[in-house]
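Engineer: Below are the sequence and a predicted model for it; my questions follow.
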Amino acid sequence: MRMKGVSSVFTLIVTVITIAIIVGASVYTFEQYNMYVSMSRVSITSSSSAPKATLPYNPNTKTVYITLVSLSSGSPFNFNGTSFGSMVIYVPAGSNLQITFINQESLPHNLNLVQNTTASPTSNLGDDGKILLTIGASSSDYTVNGIVNGQSATGTFSDIPAGTYWLACGITGHAESGMWVVLIASPNVSTPYVVTS
């Protein structure tokens with residue numbers, strides 16, 4: 001009889017823990033969904049009080065020149081001193097992008113243009129959307145290789161469609177640790193600019 005009582009208590013505890021895990025996972029999924037939905041509703045004309053910095057742009061070739069630097073000060077997972085998508089780059093849809101990445105960190109890093117399908121990067125960018133361009137590594141080794149301290153690499157992407165993208169380090173865990181910025185291509189943008197919050 002005593003075993004039956006212990007068995008009932010054990011079953012109750014397991015049931016409560018299982019329910020707590022299911023509720024926790026549901027809340028987490030709901031929060032991730034809300035974050036993704038709010039990202040997809042980012043104002044393209046941005047009336048933010050944060051200062052806008054104009055990016056170099058050649059209207060004749062429709063080329064936007066973007067330079068991102070992994071700075072040696074602050075977090076080792078940064079672009080231009082920012083982390084976790086706090087930098088947002090706005091470009092005209094249909095632009096050609098010339099992206100230069102400079103690594104000043106002691107860790108190797110690379111840069112990927114990702115047509116994202118999740119609210120924020122996970123440990124593997126390939127699981128988060130379609131990688132359109134890899135700079136500083138190859139498309140087959142971007143999860144482990146990158147350029148080292150003092151090196152730079154440049155890549156180009158032509159005719160970017162309207163949408164929301166990331167520029168993120170593809171080395172496993174780096175983007176998840178904050179090494180990503182948001183890039184928005186919109187027909188409502190005529191002069192490319194960047195906003196940092």
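Structural biologist: Perfect, I can see it now. Residues are numbered from 1 along each chain as shown.
Engineer: hang on, isn't Leu125 packed against Ile131?
Structural biologist: Yes - with contact defined as CB atoms under 8 Å, Leu125 and Ile131 form a contacting pair (6.1 Å). All C-beta atoms are positioned from the backbone trio N, CA, C, and that covers glycine.
Engineer: So which residues of this structure form helices?
Structural biologist: Assigned by DSSP state H, the helices in the chain fall at 2-40.
Engineer: domains of it?
Structural biologist: 1-41, 46-196 (automatic domain parsing).
Engineer: Leu125 and Ile131: who's more crowded?
Structural biologist: Neighbour totals were compared for Leu125 and Ile131, and Leu125 leads with 27 against 18 (other CB atoms under 10 Å).
Engineer: Contact partners for the more buried one?
Structural biologist: Leu125 sits next to Asn112, Val114, Ile131, Tyr142, Thr143, Trp166, Ala168, Gly170, Ala175 when contact means CB atoms under 8 Å, 6 or more residues apart in numbering.
Engineer: What is the most widely separated pair among those?
Structural biologist: Farthest pair in the contacts of Leu125 (CB to CB) is Thr143 and Trp166. Separation: 15.3 Å.
Engineer: Looking at these two, which is more packed in?
Structural biologist: Counted by other CB under 10 Å, Thr143 and Trp166 do not tie: Trp166 has more neighbours, with 24 against 17.
Engineer: Next, the contact list for the residue lying closest to Asn78 once chain neighbours are set aside, please.
Structural biologist: Nearest non-adjacent residue to Asn78, counting by CB to CB, 6 or more residues apart in numbering: Leu71, 5.8 Å away. Listed by CB under 8 Å, 6+ apart, the contact set of Leu71 reads Asn78, Asn80, Gly81, Gln104, Glu105.
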